[in-house]
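S.K.: got a predicted structure here, sequence first:
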Amino acid sequence: MDQLIKEAEMFVKERFKEEVTGHDWFHMERVRRQAYLIWEKERVGDPLYVDLVALLHDVDDSKIASAVHALTLEEWLEKMDIQKELMAKLLTDTSNISFRAGNRSLLSPEALIVQDADRLDALGAIGIARAFAYGAHSGQMICKHGDFREQNRSTGSTIEHFYDKLLLLKDLMNTKTGREMAEEKHQFMLSFLCQFKKEWKE
């Protein structure tokens, strides 16, 4: 497992080194660190497997530019010549961590920890920065309406994304530790939106 983690680190670092959507190598590193912090408190599952899932969780994400015309996770795992059982588990876990496309019921205990860590990186100051980076990359406007709580899902603005996803994450954490870690970040985002709304209307 140690060697596979080293190979995964090199693979992901190279693949995401120029990613501009907020899903870059630094995101993978933060998710690894947060996942380990959660694991230290929860002590559920294998910490090495937690690390591996954290590294590989975004490889097949279709909304990331780096995934286009590149090796799929399955292709890379086949090159690594790992056990079929481990490959199947990794493919199931990484394909179900996503907020919109995932199925929580299919996740292993380790992947539930990684999902919390991934969602924590979508919150707080880093989460705000990532939201606007992805919005700009996707051609979204910052905001289209003055009534922020009446954002229309069809607008596709970055501010809409806060209400459509980011502000929901705190209550979707899988672990007690994840919920505790999310609270401060959630409050920071509420403060940001309050200030943003004030300045937008000035």
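M.R.: Yep, it's here.

S.K.: drop to CA atoms for contacts and neighbour counts, all remaining ones
M.R.: Noted.

S.K.: in the protein, which residue is most central in space?
M.R.: For the chain, the residue nearest the mean C-alpha position is D118 (3.5 Å; Cα atoms, centre = their mean).

S.K.: elements contacting the helix or strand harbouring L91?
M.R.: Using DSSP states H and E, L91 maps to helix 84-95. Counting contacts by 3 or more Cα pairs under 8 Å, 6 or more residues apart in numbering; DSSP states H and E, helix 84-95 packs against helix 47-56, helix 73-80.

S.K.: so which of those is the most packed in?
M.R.: Mean neighbour count, computed with mean count of other Cα atoms under 10 Å, is highest for helix 47-56 among the helices and strands packed on helix 84-95, reaching a mean of 22.

S.K.: contacts for it next, please.
M.R.: 1-2, 5, 8-9, 12, 28-29, 31-32, 35-36, 39, 73, 90, 93-94, 110-111, 113-114 (Cα atoms under 8 Å, 6 or more residues apart in numbering).

S.K.: what of stretch 126-135?
M.R.: Outside of stretch 126-135, the residues within contact range by Cα under 8 Å, 6+ apart are 20-23, 120-122, 141-142, 157-158, 161, 189.

S.K.: for the helix holding L91, list the C-alpha coordinates in PDB.
M.R.: This file holds the C-alpha atoms of helix 84-95, laid out as PDB (Å, rounded to 0.1, in the frame of the first residue of the first chain):
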ATOM      1  CA  LYS A  84      -9.000  -6.700  -8.400                       C
ATOM      2  CA  GLU A  85     -10.800  -6.400  -5.100                       C
ATOM      3  CA  LEU A  86      -8.900  -3.200  -4.100                       C
ATOM      4  CA  MET A  87      -9.400  -1.700  -7.600                       C
ATOM      5  CA  ALA A  88     -13.200  -2.300  -7.400                       C
ATOM      6  CA  LYS A  89     -13.300  -0.800  -4.000                       C
ATOM      7  CA  LEU A  90     -11.300   2.300  -5.100                       C
ATOM      8  CA  LEU A  91     -13.500   2.800  -8.200                       C
ATOM      9  CA  THR A  92     -16.700   2.500  -6.200                       C
ATOM     10  CA  ASP A  93     -15.500   4.900  -3.500                       C
ATOM     11  CA  THR A  94     -14.000   7.600  -5.800                       C
ATOM     12  CA  SER A  95     -17.000   7.600  -8.100                       C
END
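
S.K.: any buried residues in it, and which?
M.R.: The neighbour-count check on helix 84-95 (16 or more other Cα atoms under 10 Å) flags 87, 90-95 as buried.

S.K.: great, nothing more from me.
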